[in-house]
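Enquirer: model the following, please.
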Amino acid sequence: MDNAFFSQTLLALLGGLPLTLNLTLLALIGGALLAVCFNLLRLTRLGHYPVRFYIWLFRGTPLLIQIFMIYYGLGSFELVRDSVLWPVLREPYWCGLIALILNDAAYTSEILRGGLNAVSPQSIEAAKVSGMSSRKIFTRITLPIAVRQALPAWSNEVISMLKATSLVSTISLMEMTGIADAIVSSTFRALEVFLTAAVIYLILSLIVSRLLTLLEHRLSPYQFGAR
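Expert: Sure, this is the predicted structure:
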């Protein structure tokens, strides 16, 4: 491999790293907030089936198609083009971010549901006996325990979302994969460019995995201290 070309490619790809991290972080935050709302709606009679349908739809269709549907599909409706949302929905960044958030919310909702199901009834009963309100029980007992139980599975979703941001390059966003594709188009050196991009994604995934493992150890020192 040409060392000079490798250095130039690496620097160029790192120029797209802030956008990659920006999309990943905001998608995870937005998806987590929606996931909490969805699980609350699941407790109601009216919200249960719409939420199940939403999760089935977004988990059952490719993220790439979801991005295309939001970016290209919504603009085909005159009602959307004439609405106050059009300045947002015509921008590739916002369309890509919205698609990532909606997709992440479907997966995170199921992950959080598994964590909520792992909360023991005894914990809830003890909180009720101590005089806690339903809101306090959820925010102080149920949700923290559920998050801890869901953390290992959510770690995989974080890494998946980090890699999924590469798909927004298909709607002209110049994150790392978009920059890599542009370099390949001008140099025709696909192997070196995409290999460099793959190494960056591997390093990022390793860092994220390690940080989440440390967080898991921090939240459950009694489990890992015995090992």
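Enquirer: could you give the mean pLDDT of stretch 63-73?
Expert: Averaging pLDDT along stretch 63-73 gives 95.
Enquirer: what residues does that stretch touch?
Expert: When contacts are defined by CB atoms under 8 Å, 6 or more residues apart in numbering, stretch 63-73 is touched by residues 58, 89, 92, 95-96, 98-100, 102-103, 164, 167-168, 170-171. (Glycine included, C-beta is placed from N, CA and C.)
Enquirer: ok, so of those residues, who is nearest I203?
Expert: Among the contacts of stretch 63-73, A164 lies closest to I203 (CB to CB), at 17.3 Å.
Enquirer: I figured the closest one hits L97, correct?
Expert: No - counting by CB atoms under 8 Å, A164 does not reach L97; the two are 11.8 Å apart.
Enquirer: surely R189 and F6 touch.
Expert: No - using CB under 8 Å, R189 makes no contact with F6, being 10.0 Å away.
Enquirer: picking up where we left off before, between the contacts of stretch 63-73, identify the one with the most neighbours.
Expert: V168 (28 neighbours; other CB atoms under 10 Å).
Enquirer: and whatever helix or strand I200 lives in, what does it pack onto?
Expert: Take DSSP states H and E as the rule and I200 turns out to sit in helix 190-219. For helix 190-219, the elements it packs on are helix 3-14, helix 143-164, helix 176-187, judged by 3 or more CB pairs under 8 Å, 6 or more residues apart in numbering; DSSP states H and E.
Enquirer: and those helices: which comes nearest L211?
Expert: When the helices and strands packed on helix 190-219 are compared by CB to CB, helix 143-164 sits nearest L211, at 9.3 Å.
Enquirer: in terms of secondary structure, what does the closest one contact?
Expert: Helix 143-164 packs on helix 17-41, helix 92-117, helix 190-219, going by 3+ CB pairs under 8 Å, 6+ apart.
Enquirer: now do the buried residues in it.
Expert: 143, 145-151, 154-155, 157-159, 161-162, 164 (16 or more other CB atoms under 10 Å).
Enquirer: report the angle between that helix and helix 190-219.
Expert: 170 degrees (axes from the mean of the first three to the mean of the last three CA atoms, to 10 degrees).
Enquirer: what sits closest to I101 if chain neighbours are left out?
Expert: In this structure, I101 finds its nearest non-sequential neighbour in G30, 3.7 Å apart by CB to CB, 6 or more residues apart in numbering.
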